[in-house]
Structures are given as C-alpha cells and as structure tokens.
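Visitor: No letters, just coordinates:
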DNA sequence: CCTGAAATTCGGGGGGC
DNA sequence: GCCCCCCGAATTTCAGG
C-alpha cells in the first residue's frame, strides 16, 4: 500500500469501469503493473468488490430516514435478535451500533412517507425490546464523497 | 424501468464487474439487450456511475464518527457557508440536512480517535455558527445492504 | 425488443529489461 | 518491479426476425 496504490484506488472510487490504460495514464504506470496492484489489493481484502452508484429518486425511492434506536436490555440475546430482524428488512440499508445517547442508528430508504409509516408500524414497532426510537428525515444531502485516501 | 431492469441493477449492485453474459444468464436475456438496458439507465441517470467497495480498516481508517450538528442561525448565508466548509474537509464523507432535534448529520471517517480529536479542534470547532455538536462513534456495523429494488 | 454474429477493444498473463 | 507483446474474452455494433 504505497502512494501509487492509493492513487489507483482513488481513480477506481470515481470510476470503477476505467480501463487499465486510463488508470495507468492517471497514475503514471503502464496497464500491467496497475492490474497486478489491483489484483493484490483484491486478494488482500482492501478492495471488497465493485458496485454501481444508483440514483434512489430515479428508482422511486424518495425518502431516506435516519432512525435512532434505544434498546431496553443490552443482553447479548437482545442484541443478536435485533440484528437478525434488521437483516430481514430490505428497506434498512445500514445499521450501526453506536456510542452516545442512543444505541443504534439505522438508515432506512423508502418510496415515500406513507411507506415509512407502514414500515414503522408493521415492522419496527413490532420488535420486542425497543425502548425508544426517533426518526429523522434527510431533507437534503450536501455532500457524498469517497473515502479520504490522501492522494 | 421494468422488472428486468431492476433485476439487472440488483446484479450490478452486488458485482458491477459481472460480464454481460453473466448478467444475461441471471435475468434470462442475451448480452445485447442487457447492454442496451444498462446504457439506457446510464443515460437516464438511474445509474450514476460505478465505484469500488473499499475496506476502510485495511486502509488504516479505523473510526467512523456520526456528528450531529445544530446551527445558531438558519439564514441562507450560514447554511451555504457551512456546506462550503464541509466540502473542503475530505474526512467528512457525508453531510445531510435533516429534520428533528438537530440540523445536520455528518459521517466522518478518520484513522483513529487522535485524528478525530484533531479534526474536531482544528476544523469543526473553527466553523462559525455551530451552536452545538455531538459525536457518536460507530462501534459495530450490523448491516450494510444495497438499495431495496424489490426483485 | 430480442437474437445472433462480426468487429473492435480490453483484460489477463507470459518473458525480457 | 516495470514495460512490451500476445492471446483469449469481453464489449459494442449491426444485421435480421
């Protein structure tokens, strides 16, 4: 992991479909060593995979909600059960155990507020062990950047 | 945007490097129409681009912090200025204007807690107009899923 | 709108420097 | 460890159904 590797990753973050020639030109190498470096980073687990950046709005997913959750009990059992339920809800795209005033932060993506109300009522409120939850709608996204690689 | 399109997107979300043959096999089409559909979705802005999934830990980025920010004034000027400053801080990878008890939620990625302390002291606390901020460290990520496409 | 084949470009892997 | 070249495979185009 030297400067060139980070530079390659930086290019791939912006466009994972860039050809090895383009990447080589951007970092100052020929395609072959670029390919070798990328492969090594894939094997090392630095690169976990390749994905597509989708526009949620264009897909009819207009609302993103951040849900802060506090649990009643912090037993291993409760935590595990909670994780399993979250895994089964496709609209929950992220779930983090966090420090601070509440226990979890979820990111939920839905079609509209009615959709969210239904999810809340039929899925989240049914989960045993939730002491409190607070929903916060994303009104506008000011920034959505790649990981800081320092290149 | 029919069911086949969503199925193609679902495959691409999991692996954007899948060949058109593989995609075709997964959705029940030959490579050509898959390519045509993908191209159309790129032009329609449904597909915004392709990127790489990186392992932050393997890159020495061990800590993710969620920062909840409340501003003093809600004038257009303050909001715009705040957005500009955030744009200039690489460690701030996401910034959302949100509804609820606070105004903004930032996602900050740093090397370690010392790095975060420095960022807080040298950059965030220097921003005029912040009334209050509260940091919440991500202790564990339970789920990180693709957008729900319903296929 | 899909199939199938043709041309072109690119990924993937050697040997020499 | 990088550059250059080769081969197989992929993308992309375009006929026809």
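Guide: Looks like it arrived, so ask away. If you're wondering where the values come from, they're calculated on a predicted model, not measured in any experiment.

Visitor: Which residue comes closest to the residue nearest to the spatial centre of chain A once chain neighbours are left out?
Guide: For chain A, the residue nearest the mean C-alpha position is residue A:94 (5.9 Å; Cα atoms, centre = their mean). Leaving out its chain neighbours, the residue that sits closest to residue A:94 by Cβ to Cβ, 6 or more residues apart in numbering or on different chains is residue A:107, at 3.9 Å. Any C-beta I mention is one placed from the backbone N, CA and C, and that applies to glycine too.

Visitor: burial count for the one you found?
Guide: By the criterion of other Cβ atoms under 10 Å in any protein chain shown, residue A:107 has 20 neighbours.

Visitor: How are the helices of chain A distributed by residue range?
Guide: For chain A, the helices defined by DSSP state H cover A:3-14, A:20-27, A:31-43, A:76-87, A:113-119.

Visitor: Quick one: the ones you listed as a markdown table, columns for mean neighbour count too.
Guide: Converted to a markdown table, the helices of chain A look like this (neighbours: other Cβ atoms under 10 Å in any protein chain shown):
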| stretch | mean neighbour count |
| --- | --- |
| helix A:3-14 | 19 |
| helix A:20-27 | 16 |
| helix A:31-43 | 15 |
| helix A:76-87 | 14 |
| helix A:113-119 | 15 |
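
Visitor: nearest to residue B:73, of those?
Guide: Set against residue B:73 and scored by Cβ to Cβ, the helices of chain A come closest in helix A:113-119, at 28.2 Å.

Visitor: what comes into contact with the closest one?
Guide: Here helix A:113-119 makes contact (Cβ atoms under 8 Å, 6 or more residues apart in numbering or on different chains) with A:63, A:65, A:89, A:91, A:108, A:110, A:135, A:137.

Visitor: Can you go through these and name the buried ones?
Guide: For those, a neighbour count by 16 or more other Cβ atoms under 10 Å in any protein chain shown gives the buried set as A:63, A:65, A:89, A:91, A:108, A:110, A:135, A:137.

Visitor: what two of those residues are the furthest from one another?
Guide: Using Cβ to Cβ, the pair of these lying farthest apart is A:89 and A:137, separated by 17.9 Å.

Visitor: Let me know the outermost residue of chain A.
Guide: The centre of chain A is farthest from one residue, residue A:30, which by Cα atoms, centre = their mean lies 32.6 Å away.

Visitor: Without its sequence neighbours, what residue ends up closest to that residue?
Guide: residue A:24 is the one closest to residue A:30 (Cβ to Cβ, 6+ apart), at 5.3 Å.

Visitor: ok, now which ones touch the one you found?
Guide: Residues counted as contacts of residue A:24 (Cβ under 8 Å, 6+ apart) are A:30, A:31, A:33, A:34.

Visitor: so which of the helices of chain A gets nearest DNA strand D?
Guide: Among these, the nearest to DNA strand D by Cβ to the nearest atom of the strand is helix A:31-43 (3.4 Å).

Visitor: circling back: distance of the residue nearest to the centre of chain A from residue B:44?
Guide: According to Cβ to Cβ, to the nearest Å, residue A:94 and residue B:44 sit 26 Å apart.

Visitor: Check residue A:81 too.
Guide: Taken as Cβ to Cβ, the span from residue A:81 to residue B:44 is 41 Å.

Visitor: Sort out which one of the contacts of residue A:24 lies nearest residue B:122 for me.
Guide: For the contacts of residue A:24, the residue nearest residue B:122 by Cβ to Cβ is residue A:34; the value is 35.2 Å.

Visitor: Tell me the confidence at the residue lying closest to residue A:104 once chain neighbours are set aside?
Guide: Nearest non-adjacent residue to residue A:104, counting by Cβ to Cβ, 6+ apart: residue A:69, 4.2 Å away. Per-residue confidence (pLDDT) for residue A:69: 97.

Visitor: tell me the angle the longest strand anywhere in chain A makes with helix B:76-87.
Guide: Looking across chain A with DSSP state E, the single longest strand is strand A:130-144. Inter-element angle recorded for strand A:130-144 and helix B:76-87: 80 degrees (by axes from the mean of the first three to the mean of the last three Cα atoms, to 10 degrees).
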